[in-house]
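A.B. asks: My questions are about this predicted structure, shown below with the sequence.
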Amino acid sequence: MKRIILLVLLLLSACQAKTINTQSEDASSTESGVKISQVNTATIKEKVLISSSGIGKAKLGMTLGQLKQISDPDTKFEMISSFTVDTNAIAVTKKDIVQYYILYPVETTSDSNKATPNDDDPITMLLTDNDRYQTKAGIKAGMPIKEAEKTYGNAVLAYNTEGESSEYVTFEDQKPENIRFRASNFELTADGTELSGIYADYPGVSYVTDKYRDDAAIAAIEVSCDPENCP
């Protein structure tokens, strides 16, 4: 009788140990699966992330040649002279869709090719109007300004006629400061480009307002660094 009781106890102990081991293996597999999932998600986000460091694979301080080396084989780099009044640009495209632009200041408006970049030139300014790319807070091109205000606080719009006349929107709680939001087209040209802000009607150079059209949206997002102190 004692032998029978002892055998039963041994069998019960073995079953419990097996159950515990199985649960541990399942928990380990689940944890591993979560980690893999998180890594994949992070990788996907990094490809379309706008941060203080850059846009997607393009990082501030990286040379054009370095970006070409890490870009997908089907990525194209197309030069655009006189992108705006005082900048040239390289359009980085995939499947004929512009992902973002690398901007290069032009030293003189009379020679639009003076700032033609080569592979050794560092990247100091990037811009995208592709709504696949977004900030960590989810702000992207095409988003209504009133929607972005829910994240970044009250908006102030401004433009200066002595510069390239690009209209920017700045938010009360906007961070980091080297990410800027364009509120209208890349520049005000004679084709009737409309401003997003509603400004006082007076002749001047600098215009600022906290009022904007109901349909005003973020036109593009720009990331830049000081050429003399770029990462």
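C.D. replies: Sure thing, it's come through.
A.B. asks: Show me what the helix or strand encompassing Ile221 is packed against.
C.D. replies: With secondary structure defined by DSSP states H and E, Ile221 is part of strand 220-224. Using 3 or more CB pairs under 8 Å, 6 or more residues apart in numbering; DSSP states H and E, the elements in contact with strand 220-224 are strand 49-51, strand 54-55, strand 125-128, strand 179-182. C-beta here means a position set from N, CA and C on the backbone, and glycine is covered the same way.
A.B. asks: Check the spacing between the residue nearest to Ser51 when sequence neighbours are not counted and Val156 real quick.
C.D. replies: With CB to CB, 6 or more residues apart in numbering as the criterion, Ser51 has its nearest non-adjacent residue at 6.7 Å, and that residue is Lys136. Look at Lys136 and Val156: by CB to CB, to the nearest Å, they are 22 Å apart.
A.B. asks: which of the two has more neighbours?
C.D. replies: Neighbour tally, Lys136 and Val156, criterion other CB atoms under 10 Å: the higher count belongs to Val156, 18 against 10.
A.B. asks: Glu149 is nearest to which of the helices and strands packed on strand 220-224?
C.D. replies: Counting by CB to CB, Glu149 lies closest to strand 179-182 out of the helices and strands packed on strand 220-224; the figure is 11.4 Å.
A.B. asks: strands paired with that closest one, and their directions?
C.D. replies: strand 168-171 (antiparallel), strand 220-224 (antiparallel) (DSSP bridges).
A.B. asks: Mean pLDDT added to those, as CSV?
C.D. replies: Compiled in CSV, the strands paired with strand 179-182 are given as follows (pLDDT from 0 to 100):
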stretch, mean pLDDT
strand 168-171, 95
strand 220-224, 96
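A.B. asks: so what's Ile50 up against?
C.D. replies: The contact partners of Ile50, by CB atoms under 8 Å, 6 or more residues apart in numbering, come to 128, 133-135, 139-140, 179, 221, 223.
A.B. asks: can you give me the strands in the protein?
C.D. replies: Assigned by DSSP state E, the chain shows strands spanning 49-51, 54-55, 58-59, 75-84, 87-94, 97-105, 125-128, 134-135, 155-160, 168-171, 179-182, 206-209, 220-224.
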